[in-house]
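Peer 1: okay, here's the prediction I keep looking at, along with the sequence it came from:
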Amino acid sequence: MGKCALVTGASRSIGAAIAIKLARKGYDIAVGCHAQSSVEKGGEAVAAQCREFGVEAACFVADVADFSQCERMVGEVVGRFGGIDALVNNAGITKDALLVQMSEEQYDTVLAADLKSVFNMMRHAGKRMIKAKHGAIVNITSVAGLYGNRGQANYSAAKAGIVGMTMTAAKELGARGITVNAVAPGFIDTPMTEAMPEKVREAALASIALKRAGTCEDVANAVAFLVSEEAAYITGQVLVVDGGMIM
Ligand code: NAP
């Protein structure tokens, strides 16, 4: 069997670009999908695009906020592909509001989908990687987790949590030949940023040194590097992919 990469939230946007990029690099791809509807809306098309590179690809369904669904999905992927060489924790959501107006539900839902999910996936896939004595994990955080962002107390807390968890996992898993890194995108053109008010979008774009929004492929390229042999001696790091937005 070939190398396998499991990418969560791969039915569209950044996750889809990562899946396709890793397929191009020769990985068999487990396209992580939120629900059966995500498979139908995008996941199966992403898997088909991956297969064009001569690798195997299939969709696997789990709500990554759910511990036992992640355990089941990891087991299914290992059953199908023999192991997980690269895990990319990309799935995420936003539910923005100013801190003093944010509901408990907005806070809890984002923390579960964006932070607990990363624990869930590393907990289960990490165990398999330890047995295999090899693996590469990349967690998608955000510049909001490094510098904060108005209206995103929940999201920036979750994304900052990912940074701490990434470094801890790097320390715990390094002796087993497993690297754990994070990628922090800035302003990337996806439905997540399309949902922003026009004024906020304009201000964000104006602050980028390279004077353009990032593409999903910009993020995928960084992930592909971090899971590659070329990055074998890099672990516990946060690679910012923001076109020079925050320096
Ligand atoms: P997106 O277009 O909204 O896609 C998010 C993906 O995550 C979708 O496939 C979605 O599936 C999946 N997902 C959401 N909740 C899930 C759950 N509970 N279980 C499983 N899958 C779930 O977002 P994006 O812009 O590509 O963002 C991808 C990652 O990059 C996120 O972690 C985000 O925080 C991070 N990021 C994005 C930007 C940006 O500018 N876009 C900047 C910094 C960081 P469904 O649609 O089926 O729910």
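Peer 2: Nice, I can see it. Numbers count the residues shown, from 1 in each chain.
Peer 1: make it CA atoms for all contacts and neighbour counts henceforth
Peer 2: OK.
Peer 1: give me the low-pLDDT residue ranges for the chain?
Peer 2: Nowhere does the chain drop to pLDDT under 70.
Peer 1: residue ranges of the strands in it, please?
Peer 2: Applying DSSP state E to the chain gives strands spanning 4-7, 28-33, 57-61, 86-89, 135-140, 178-185, 238-241.
Peer 1: report the contact partners of the spatially most central residue of the chain.
Peer 2: In the chain, the centroid-proximal residue (Cα atoms, centre = their mean) is residue 90; its distance is 1.6 Å. Applying Cα atoms under 8 Å, 6 or more residues apart in numbering to residue 90 gives the contacts 7, 8, 9, 10, 14, 15, 139, 140.
Peer 1: let's go with 6 Å and repeat that
Peer 2: Contacts for residue 90 (Cα atoms under 6 Å, 6 or more residues apart in numbering) come out as 8, 9, 15, 140.
Peer 1: give me the nearest residue to residue 232, chain neighbours excluded.
Peer 2: Once flanking residues are discounted, residue 232 sits nearest to residue 179: 7.2 Å by Cα to Cα, 6 or more residues apart in numbering.
Peer 1: burial check on residue 101, number of neighbours?
Peer 2: Neighbour count for residue 101, taken as other Cα atoms under 10 Å: 10.
Peer 1: against residue 154, how distant is it?
Peer 2: 12 Å (Cα to Cα, to the nearest Å).
Peer 1: just to revisit the earlier point, adding distance to the ligand and mean neighbour count, write the strands of the chain out as a markdown table.
Peer 2: Below are the strands of the chain laid out as a markdown table (distance: least, Cα to the nearest ligand atom, whole Å; neighbours: other Cα atoms under 10 Å):
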| stretch | distance to the ligand | mean neighbour count |
| --- | --- | --- |
| strand 4-7 | 10 | 28 |
| strand 28-33 | 6 | 30 |
| strand 57-61 | 8 | 24 |
| strand 86-89 | 7 | 28 |
| strand 135-140 | 5 | 27 |
| strand 178-185 | 4 | 26 |
| strand 238-241 | 9 | 21 |
